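Chemist: Any chance you could fold what I've pasted below:
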Amino acid sequence: MAALDALGDYVNVIGNLQKLALIVLMAVFVFGSIAILGGRAQEPSRKVSLAKIQEGSTATFAGNWTCSGCKSINKPVQQPRSAESGHYQRATLRAAISAMITPRVTIGLYEDLLSYVEDKLERRVEVAQRRTYREVNDLVRRRLVDFAFVCSMSYVLGHDEFGMEILAVPEVDGKPQYYSYIIARTESKIGDLDGLRGKTFAFMDPDSNTGSLYPTYRLAQIGESPDSFFSNYVYTYSHDNSVKAVAGQAVDGAAVDSLVFDHMVATNPALASQVKIIEKSPPFGIPPVVVHPALDSETKEHLRDILLNMHLDEKGRQALQRLHIEKFVPQDDRAYDSIREMYRSVQGQPGLGSQR
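Modeler: Okay, here's the model as predicted:
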């Protein structure tokens, strides 16, 4: 009997462990790659505990959309296939997309735009994604990609480091501008930035303008830093994860890209009842499409011409509408001077660009 009782206790323990494992898995599913850490925040590389995100993925736009995992884009471009095979003969062009939103959502949103570019160029387009903004900038710097969609602060850092150039920028609501939103849960009593004192907070990426630089700058204006102001903070590495972290009560507040937030609310109106904007920044130069300065002038001008004119035909307009973009327009580097000034004033703050 004693043996049977012991066996029964063992089965109960195993059953409880299985239930606990299921709860943990569900939590990971709901909150994506978000993890809230206890104690005072350290450097991002040591303090952040995120669910594993695939290091990189490539996708080829030639007819059907296909994705395959890869560890690096450091590989020779495959030789173009013959015209009889239905593929383009000119050399493959490589693009990178910064993960302003989670990688799978990013790929889905940009599919039509990049397919359009491929058709107009008559060249295969291969796409790389990386988890951090730093990694995407590194791909451009090392000329492992030909063009990229980057954050505004990443552009400023890339321009000042190796001369990264703007091809074109999106225009939204009639302006090539966007904002940083500081958000909190709707039912909370938090009504402004000071209401987040001693609370938990989600930054996006150390090189994000709206998700890291602006809130850090705001804290510096009142004599504070993330370490002194928040009880804990985390980097989510995508704006949609930051919004979900607030809505799901994983953190008390977050700083997010207005373009991503507005898109999420437009496609999920229920979200508007869960989170509120407690502060809106001044306007900033919008995230641009960029190239390395050494890219050949023919490719550079062809890409620019495609982007600047894609709103003039139906297929181009449909691709833009999927991204809530009206059209692409030229942009001057001076549009990003306010970001430069903020960065210079807070450079060296814990977390902000600290991996550089």
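Chemist: where does the stretch 101-250 of the chain have low pLDDT?
Modeler: Within the stretch 101-250 of the chain, the set of residues satisfying pLDDT under 70 comprises 101-107.
Chemist: And the strands in it?
Modeler: Remark: strands of the stretch 101-250 of the chain, listed N- to C-terminal, are 123-130, 147-149, 165-171, 177-178, 180-185, 200-203, 232-235; assignment by DSSP state E, counting those that start in this stretch.
Chemist: can you pull the buried residues of the longest one?
Modeler: To tie it back to what came earlier, the one meant is strand 123-130. When burial is assessed from 16 or more other CB atoms under 10 Å, strand 123-130 yields the following buried residues: R123, R124, V125, E126, V127, A128, Q129, R130. (Each C-beta comes from the backbone N, C-alpha and C, glycine too.)
Chemist: what's the answer for stretch 270-289, then?
Modeler: Judged by neighbour count (16+ other CB under 10 Å), stretch 270-289 contains these buried residues: 271, 274-276, 278-279, 281, 284-289.
Chemist: Please flag which of these sit within strands.
Modeler: Of the positions in these, V275, K276, I278, E279, F284, G285, V289 sit in strands, assigned by DSSP state E.
Chemist: Tell me which stretches of the stretch 51-200 of the chain form helices.
Modeler: Read by DSSP state H, counting those that start in this stretch, the stretch 51-200 of the chain holds these helices, from start to end of the chain: 103-121, 133-141, 152-162.
Chemist: which stretch among those helices comes nearest S188?
Modeler: Closest to S188 of the helices of the stretch 51-200 of the chain, according to CB to CB: helix 103-121, at 26.4 Å.
Chemist: counting contacts, what elements does that closest one pack onto?
Modeler: strand 56-62, strand 64-69, strand 90-98, strand 123-130, helix 297-309, helix 314-322 (3 or more CB pairs under 8 Å, 6 or more residues apart in numbering; DSSP states H and E).
Chemist: out of these, deepest packed?
Modeler: strand 123-130 (a mean of 22; mean count of other CB atoms under 10 Å).
Chemist: Please state the offset of that one from the chain centre?
Modeler: 17 Å (CA atoms, centre = their mean, to the nearest Å).
Chemist: you'd agree I182 is up against T216?
Modeler: No - under the criterion of CB atoms under 8 Å, I182 lies out of contact with T216, with a separation of 11.7 Å.
Chemist: any idea how far V117 lies from V136?
Modeler: For V117, the distance to V136 (CB to CB, to the nearest Å) stands at 17 Å.
Chemist: Ok, D296 next?
Modeler: As for D296, its distance to V136 is 21 Å (criterion: CB to CB).
Chemist: Pick out whichever of those two has more residues nearby.
Modeler: For D296 versus V136, the count of surrounding residues by other CB atoms under 10 Å is larger for V136: 26 against 10.
Chemist: who touches the more buried one in this structure?
Modeler: A96, I97, S98, R130, A148, V150, S154 (CB atoms under 8 Å, 6 or more residues apart in numbering).
Chemist: Show me the beta-bridge partners of the fourth one.
Modeler: Under the criterion DSSP bridges, R130 forms beta bridges with G56, S98.
Chemist: Do I have it right that it meets V140?
Modeler: No - between R130 and V140 there is no contact under CB under 8 Å: 10.9 Å.
Chemist: Lowest mean pLDDT across the helices and strands packed on helix 103-121, which one is that?
Modeler: The minimum mean pLDDT among the helices and strands packed on helix 103-121 belongs to strand 64-69 (a mean of 30).
Chemist: Show me whatever sits in contact with both of R130 and V140.
Modeler: Contact criterion CB under 8 Å, 6+ apart; residues bridging R130 and V140 by contacting each: A96.
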